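Participant: The sequence isn't on hand, but the structure is:
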């Protein structure tokens, strides 16, 4: 894995060097990624999870339909922002000349994006004929991914304080 990490770091080094040359303030380089991702995870993510579960569990049909629509509209943007933030986090580490694949923060982020990608594919497939078991899997997989993102946040704060 070290060889891949080094290869990947070398591949992205010209971009990291470009960002270093911009002389951005250190707090922005160091804490910009955590601040932006915190907003995505805790504001947008918590609403996406809430709307998804409310869409499943609401007794009022109108509330359930609106919640499912909100979930369907916001979840793709949340995934997009998390994927962009993932790349931004890697770039932030490279700009700070830190290793990218050595922390649990990197691996929890990778796993969370993988779970969310799987969830996206379930949804985009129409749950293979609207199968209720796959809809249930989608709900629980999303909840696990969100829980992992909370752990990811804690590990990220720990990482940020250590560098």
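Facilitator: Thanks, I have it. What you see is a predicted model, and the numbers here were worked out from it, not measured in a lab.

Participant: per-residue confidence averaged over the one helix or strand residue 116 maps to?
Facilitator: Applying DSSP states H and E as the criterion places residue 116 in helix 104-124. Across helix 104-124, pLDDT averages out at 96.

Participant: Give me the number of neighbouring residues for residue 161.
Facilitator: Neighbour count of residue 161, defined by other Cβ atoms under 10 Å: 7. Where you see a C-beta, it was placed from the backbone N, CA and C, and this is true even at glycine.

Participant: pLDDT wise, what is the residue lying farthest from the centre of the chain at?
Facilitator: Using Cα atoms, centre = their mean, the residue of the chain lying farthest from its centre is residue 60. It sits 31.0 Å away. Here the pLDDT value assigned to residue 60 is 97.

Participant: follow-up on the earlier one: quick check: what element follows the helix holding residue 116 along the chain?
Facilitator: Beyond helix 104-124 toward the C-terminal end (DSSP H and E), the next one is helix 126-130.

Participant: could you point out which element follows that following helix?
Facilitator: Downstream of helix 126-130, the next assigned helix or strand under DSSP H and E is helix 132-162.

Participant: Report the angle between that next one and helix 104-124.
Facilitator: 160 degrees (axes from the mean of the first three to the mean of the last three Cα atoms, to 10 degrees).
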